[in-house]
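Asker: Fold the following.
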Amino acid sequence: MSLLPKAVVLLALVLTITALPSGPLVGKKAHGAFCHLCEDLIKDGKEAGDVELDLWLDEEIGTRCKDFGALAAECLKELKVAEKDIQEAIDKDIPEEKTCKEVKLC
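Answerer: Next up is the predicted model:
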C-alpha cells in the first residue's frame, strides 16, 4: 500500500473521530474542570472595584474559557448559564464555593 492511500485512511479516521458527539467529560461538566474558574471569577470580580460588572464578566468568561482548548465551547456554555448567579455572588458578597456548587460547576 502506498503512502497516499494510508494518508487518506488516516484523514478519514481523524474526520470521523472529530465529527462524533462530545465525550463523557463534556456531558458531566468536565468533571469539575470549571470549578476553579467559577471561583476565580467571583474572587476577581469582588476585587475588580468600580467596573461595569456585566461587561467585565462577559469579557472575562470569554477570555478565560479560551484557555480550555477542546472544552472552550462547553466552558462558554456552562459559564454563560451561570453568569447571573456569578454576578449576584459578586454583588452580594456570597461565598464563591457556595455559588459554584449551587450552579453545579463544583
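Asker: Just give the nearest non-adjacent residue to the spatially most central residue of the chain, would you?
Answerer: In the chain, the residue lying closest to the centroid (C-alpha atoms, centre = their mean) is Cys75, at 1.6 Å. Leaving aside its sequence neighbours, Cys75 sits nearest to Cys65 (C-beta to C-beta, 6 or more residues apart in numbering; 3.7 Å). To be clear about C-beta, it is placed using only N, CA and C from the backbone, and glycine gets the same treatment.
Asker: who touches that neighbour in this structure?
Answerer: Leu37, Ala72, Cys75, Leu76, Leu79 (C-beta atoms under 8 Å, 6 or more residues apart in numbering).
Asker: Go through these and flag which are in helices.
Answerer: Members of those lying in helices (criterion: DSSP state H): Leu37, Ala72, Cys75, Leu76, Leu79.
Asker: Quick check: of the residues you listed, which lies closest to Gly49?
Answerer: Leu37 (20.7 Å; C-beta to C-beta).
Asker: show me the contacts for the closest one.
Answerer: Arg64, Cys65, Cys75, Leu79, Leu105.
Asker: can you rerun that using 6 Å?
Answerer: Shown in contact with Leu37 (C-beta atoms under 6 Å, 6 or more residues apart in numbering): Arg64.
Asker: And for the one 4 residues further on?
Answerer: Taking C-beta under 6 Å, 6+ apart, we find Leu41 in contact with Ile86.
Asker: please redo it, this time with the cut-off set to 10 Å
Answerer: Shown in contact with Leu41 (C-beta atoms under 10 Å, 6 or more residues apart in numbering): 34, 56-57, 60-61, 64, 79, 82-83, 86-87, 89-90, 96, 99-100, 105.
Asker: next one: Gly49
Answerer: If you count contacts by C-beta under 10 Å, 6+ apart, then Gly49 has Trp56 around it.
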